[in-house]
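1. can't give you the sequence, but here's the structure:
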């Protein structure tokens, strides 16, 4: 969406919804539109030269908690949002992914909530949520919760994360005990509200994070239900990368005099400036080898590989593990506990490669991600921007590599045109191509494997004791079969000679002679089946 379209979307709001013109720190706030004078990717020098959180009116307890985490100066979206949100004003924030939106709404929510240690807390309904933050995915909800817990640590606010895929009991027990801020996904929030466990009638602040993603996932009806469960006097903050018509309609219906804060010129061109992008035309069978070699590049650290399907994600992860790399899959078929474990191990550097579907394209804020690789061409330009936004976060640099199949060249050209990128013709690339080694800083002679393939186990080891026991059974069975002889021929005649002697021996005891005085067992009728000349069977009985 171009800047003119964003202005048009904002102009659809009622004239009465537009605040007066304000000016602050070389940034102009006109017609609900704040445009940053600085570049979107704020560098470390610009951070330290700008105002601190204390200068923006953030309470000391929150500033102290942030400083212990190494956060002292705000980014552009945070600086522009805090001055408005701390006054309780409704706002619409538009910013590229990875620019620090979480603290932009998280700090106002924390500061305007009443902590259990405050004298005024006794006047509130005990244990009822004071603020609600709605996120489209579980991973994003967990990330928001982690950031808010850091910022609210000294205030003593109780933060609860609610999402599906896990049991109800811990969430219900926490709500019954009492919480101050609830962060969750729409489906589970609606479910608990229908069970009369989650009471949203006392919420003073509601945040919709990644509103356009909730629209894409079909959560908008659930979001509207949640809005109707909260008081009309609440503060509403909506953060969205784009402003489609449905989001504008939602803002007009449920927000009061919203201010539109935009921290960049347009979303489509919101690829991170500090991220180097490479587009390669690659063969599907050669892609694991290419990734294996990129993993050994001189500046390679943690890496996220995005795939189109869940099965593909699991297959690529298994392939990389077999090649000797520390990798794990992350997709919707995994249990929630397994997904959280994979993310935790990735954050703690216990694994270096996370192979994920688009479930991880939003909300994963992991430091040290040096590379993002699109194993296949993304579906559209928005998916591309969100995927490569996992690297180059918060002013850091990163590398984004897209491996395009021959059948996806047309799709890539559409993405390239929409984002105005200079990669209209992907370069044909193999794992042995010289330009791949040069572009990515890979040492000559590097192979896409750091561990030799496991040799196949010998036949005897594969069968193990079970196979040996079976062979022993076959041998013992053979020995037993040697004592069994035929007493009659196929024609029904008695067997003579050695066969008769063997029969007699078979009838003896272990010593080879029948016991003295022992009687022969009574004869049993034996049934023998014969085939007649017409092909039908006939049965006759003989006495032994």
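-> Ah, there it is. Just so we're clear, the structure is a prediction, and the values are computed from it rather than from any experiment. Numbers count the residues shown, from 1 in each chain.
2. quick one: contacts for the residue lying closest to residue 323 once chain neighbours are set aside?
-> The spatially closest residue to residue 323, leaving aside those adjacent along the chain, is residue 449, at 4.4 Å (CB to CB, 6 or more residues apart in numbering). In this view, the C-beta of every residue, glycine as well, is placed from N, C-alpha and C. For residue 449, the contact set (CB atoms under 8 Å, 6 or more residues apart in numbering) comprises 292, 323, 324.
3. In three-state terms, label the last one for me.
-> What that stands for is residue 324. coil (DSSP: H, G, I helix; E, B strand; the rest coil).
4. Output the below-cut-off pLDDT ranges for the stretch 1-150 of the chain.
-> Flagging of the stretch 1-150 of the chain using pLDDT under 70 yields the residue ranges 1-49, 96-98.
5. For the closest residue to residue 283 other than its chain neighbours, grab the count of nearby residues.
-> Using CB to CB, 6+ apart and skipping the chain neighbours, the partner closest in space to residue 283 is residue 430 (7.2 Å). Using other CB atoms under 10 Å, residue 430 is surrounded by 14 other residues.
6. dump the residue contacts of residue 430.
-> Residue 430 is in contact with 282, 283, 286, 290, 436, counting by CB under 8 Å, 6+ apart.
7. Arrange those residues in a markdown table, one row each, with pLDDT, distance to residue 219 and secondary structure as further columns.
-> Shown next, in a markdown table, are those (pLDDT from 0 to 100; distance: CB to CB, whole Å; DSSP: H, G, I helix; E, B strand; the rest coil):
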| residue | pLDDT | distance to residue 219 | secondary structure |
| --- | --- | --- | --- |
| 282 | 96 | 35 | coil |
| 283 | 95 | 38 | coil |
| 286 | 95 | 39 | helix |
| 290 | 96 | 36 | helix |
| 436 | 94 | 40 | helix |
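8. related to what we said a few turns ago, secondary structure element for the residue nearest to residue 323?
-> Assigned by DSSP states H and E, residue 449 belongs to no helix or strand.
9. and if you look at residue 237?
-> Assigned by DSSP H and E, residue 237 belongs to strand 235-239.
10. Tell me how many other residues crowd residue 420.
-> For residue 420, the neighbour count with other CB under 10 Å is 11.
11. any idea how far residue 381 is from it?
-> Distance of residue 420 to residue 381, computed by CB to CB, to the nearest Å: 10 Å.
12. care to break this structure down by domain?
-> Listed by automatic domain parsing, the domain ranges of the chain are 3-262, 275-440.
13. and residue 342, which of the three is it?
-> Following three-state DSSP, we place residue 342 in the helix state.
14. my guess is residue 196 is in a helix, correct?
-> No - counting by three-state DSSP, residue 196 is not found in a helix; it is coil.
15. Neighbours of it, how many?
-> Neighbour count for residue 196, taken as other CB under 10 Å: 7.
16. tell me the contacts of it?
-> Not one residue lies near residue 196 by CB under 8 Å, 6+ apart.
17. picking up where we left off before, neighbouring strands of the strand holding residue 237 in the sheet, and parallel or not?
-> Paired with strand 235-239 in the same sheet, following DSSP bridges, are strand 91-94 (parallel), strand 205-208 (parallel).
18. next helix or strand past the first one?
-> Beyond strand 91-94 in the direction of the C-terminus, DSSP H and E gives the next helix or strand as helix 101-111.
19. As a check, name the ranges of all strands in the stretch 351-500 of the chain.
-> Ranges of strands in the stretch 351-500 of the chain, per DSSP state E, counting those that start in this stretch, are 353-356, 369-374, 398-404, 427-428.
20. Which of the ones you listed sits closest to residue 66?
-> With CB to CB, the closest approach to residue 66 among the strands of the stretch 351-500 of the chain belongs to strand 369-374: 22.2 Å.
21. Quick one: list the elements packing against that closest one.
-> Contact partners of strand 369-374 among helices and strands, from 3 or more CB pairs under 8 Å, 6 or more residues apart in numbering; DSSP states H and E: helix 287-294, strand 302-306, helix 381-388, strand 398-404.
22. relative to strand 369-374, how tilted is the first one?
-> Put plainly, it is helix 287-294. Helix 287-294 and strand 369-374 are oriented at 160 degrees to each other (axes from the mean of the first three to the mean of the last three CA atoms, to 10 degrees).
23. which other helices and strands contact helix 287-294?
-> Where contact means 3+ CB pairs under 8 Å, 6+ apart, helix 287-294 is packed against helix 310-322, strand 369-374, strand 398-404, helix 434-440.
24. Would you mind getting the angle between it and strand 302-306?
-> Between helix 287-294 and strand 302-306, the angle comes out at 160 degrees (the same axes, to 10 degrees).
25. Would you format the strands paired with strand 235-239 as CSV with mean neighbour count and distance to residue 146 included?
-> Below are the strands paired with strand 235-239 laid out as CSV (neighbours: other CB atoms under 10 Å; distance: least, CB to CB, whole Å):
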stretch, mean neighbour count, distance to residue 146
strand 91-94, 27, 20
strand 205-208, 26, 16
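26. And the ones you listed: which comes nearest residue 258?
-> strand 91-94 (5.2 Å).
27. Backbone dihedrals for the residue nearest to residue 126 when sequence neighbours are not counted, please?
-> Excluding its sequence neighbours, the residue lying closest to residue 126 (CB to CB, 6+ apart) is residue 178, at 6.4 Å. Phi and psi for residue 178, reported as degrees, to the nearest 10, are phi 120, psi 130.
28. Next, the contact list for residue 178, please.
-> With CB under 8 Å, 6+ apart, residue 178 has these contacts: 126, 127, 128, 158.
29. distance of it from residue 200?
-> Distance, residue 178 to residue 200, using CB to CB: 14 Å.
30. Can you classify residue 261 by secondary structure?
-> At residue 261 the chain is in strand, as set by three-state DSSP.
31. count of residues packed around it?
-> 27.
32. hang on, it packs against residue 94?
-> Yes - counting by CB atoms under 8 Å, residue 94 is a contact partner of residue 261 at 7.0 Å.
33. Check the contact lists of those two and give me the overlap.
-> Common neighbours of residue 261 and residue 94 are not found (criterion: CB under 8 Å, 6+ apart).
34. Now do the contacts for the residue lying closest to residue 331 once chain neighbours are set aside.
-> Leaving aside its chain neighbours, residue 331 sits nearest to residue 310 (4.0 Å; criterion: CB to CB, 6+ apart). Contacts for residue 310 were tallied using CB under 8 Å, 6+ apart; they are 331, 332, 333, 357.
35. For the spatially closest residue to the third one that is not a sequence neighbour, give its distance to residue 284.
-> Taking CB to CB, 6+ apart as the measure, residue 333 lies nearest to residue 310, with 5.0 Å between them; neighbours along the chain are not counted. Distance of residue 310 to residue 284, given as CB to CB: 17 Å.
36. how close does the residue nearest to residue 126 sit to residue 153?
-> If you go by CB to CB, the gap between residue 178 and residue 153 works out to 18 Å.
37. can you check residue 323 too?
-> 41 Å.
38. for residue 180, same thing?
-> 13 Å.
39. sorry, back to before: out of the strands of the stretch 351-500 of the chain, which is closest to residue 299?
-> strand 369-374 (6.1 Å).
40. what are the pairing partners of that closest one, and which direction each?
-> Applying DSSP bridges to the sheet, strand 369-374 is found paired with strand 302-306 (parallel), strand 398-404 (parallel).
41. what's around residue 68, how many residues?
-> Residues near residue 68, counting by other CB under 10 Å: 11.
42. How about residue 276?
-> Neighbourhood size, residue 276 [other CB under 10 Å]: 15.
43. so it bridges to which residues?
-> Assessed by DSSP bridges, residue 276 has beta-bridge partners residue 399.
44. Double-check it against residue 401; I have them as touching.
-> No - if you go by CB under 8 Å, residue 276 and residue 401 don't touch, sitting 9.1 Å apart.
45. show me the contacts for residue 426.
-> Residue 426 makes contact with 279, 280, 281, 402, 404, 409, 412, according to CB under 8 Å, 6+ apart.
46. Of the residues you listed, which is the nearest to residue 122?
-> Nearest to residue 122 out of the contacts of residue 426 is residue 402 (CB to CB; 56.7 Å).
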